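Asker: I'd like to go over a predicted model; first the sequence, then the structure.
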Amino acid sequence: MKSGNCLGFVFLITFVIVWVALASASRRYTPETAAIKFGRNFSYDKSTVETLVSRHGADAARFIFPVLFPLDLMLLFCIGATIALFSIGLGATPGNTTGIGLLLLLPAAYMVADLSENVVLAIMLSSKPGSVTNGPVTLAESFTALKLLFCFAGSVQVLVLAWQAYHRSH
């Protein structure tokens, strides 16, 4: 399963490139929205989003495109693919592919949570001033927590599999 590890490194390098592009685009094109740190921060609330939408609507729209879609979409794919490919490359053995589905649960859960977070954020940021409610804010923060949890768990999975692979070879 060395090809999984090689592709994992390709996606890891691509992740770094896309992350730099995403950070640069956020700071350059959407400074007001980027300051809230959606996707990493749990301290925003309905009034923060409402103020952003009403006072900086163009900034919020630019955060949806190009930051959330396509850049963050590419980033979530790179992270999920990196975790999945390293998990397969380190955990699957030739001739025994029965556990591959289990190895892909965490990366897939991460990708679904991150995509769901992006969709909810896009809906909130494209809403009319005065129409932001607590529901989408809480939902977005919940998806952020799940995304971070699954990404962390997937990374731990890769580290455990790497440790096991190292000890199998020595």
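Answerer: Cool, the structure landed.
Asker: from what I can see, Gly39 looks like it's in a helix, true?
Answerer: No - secondary structure of Gly39 (DSSP: H, G, I helix; E, B strand; the rest coil): coil, not part of a helix.
Asker: so what's it up against?
Answerer: Contacts for Gly39 (Cβ atoms under 8 Å, 6 or more residues apart in numbering) come out as 72, 114, 117, 121, 144, 147. C-beta coordinates here come from the backbone N, C-alpha and C atoms, glycine included.
Asker: Check the spacing between it and Lys147 real quick.
Answerer: 7 Å (Cβ to Cβ, to the nearest Å).
Asker: now the helices: where do they sit in the chain?
Answerer: With DSSP state H, the ranges of helices along the chain come out as 2-29, 31-34, 46-55, 57-62, 73-91, 100-103, 105-125, 134-169.
Asker: Find the nearest non-adjacent residue to the residue most central in space within the chain, please.
Answerer: The chain has Leu76 as the residue nearest its centroid, 4.0 Å off, counting by Cα atoms, centre = their mean. Using Cβ to Cβ, 6 or more residues apart in numbering and skipping the chain neighbours, the partner closest in space to Leu76 is Asp114 (4.1 Å).
Asker: I'd like to know how far that neighbour sits from Ile88.
Answerer: Using Cβ to Cβ, Asp114 is found at 20 Å from Ile88.
Asker: Neighbour count: those two, which is higher?
Answerer: Asp114 (25 against 22; other Cβ atoms under 10 Å).
Asker: mind checking pLDDT for the more buried one?
Answerer: Per-residue confidence for Asp114 comes out at a pLDDT of 98.
Asker: Let me see the contact set for it.
Answerer: Contacts for Asp114 (Cβ under 8 Å, 6+ apart) come out as 39, 72, 76, 79-80, 143, 147, 151.
Asker: is it possible to export these to a markdown table including pLDDT?
Answerer: Conversion of those to a markdown table gives the following (pLDDT from 0 to 100):
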| residue | pLDDT |
| --- | --- |
| Gly39 | 93 |
| Asp72 | 97 |
| Leu76 | 98 |
| Ile79 | 98 |
| Gly80 | 98 |
| Phe143 | 98 |
| Lys147 | 98 |
| Cys151 | 98 |
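Asker: would you turn the residues you listed into a markdown table with distance to Ser54?
Answerer: What follows is those, written out as a markdown table (distance: Cβ to Cβ, whole Å):
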| residue | distance to Ser54 |
| --- | --- |
| Gly39 | 22 |
| Asp72 | 23 |
| Leu76 | 29 |
| Ile79 | 33 |
| Gly80 | 34 |
| Phe143 | 24 |
| Lys147 | 27 |
| Cys151 | 32 |
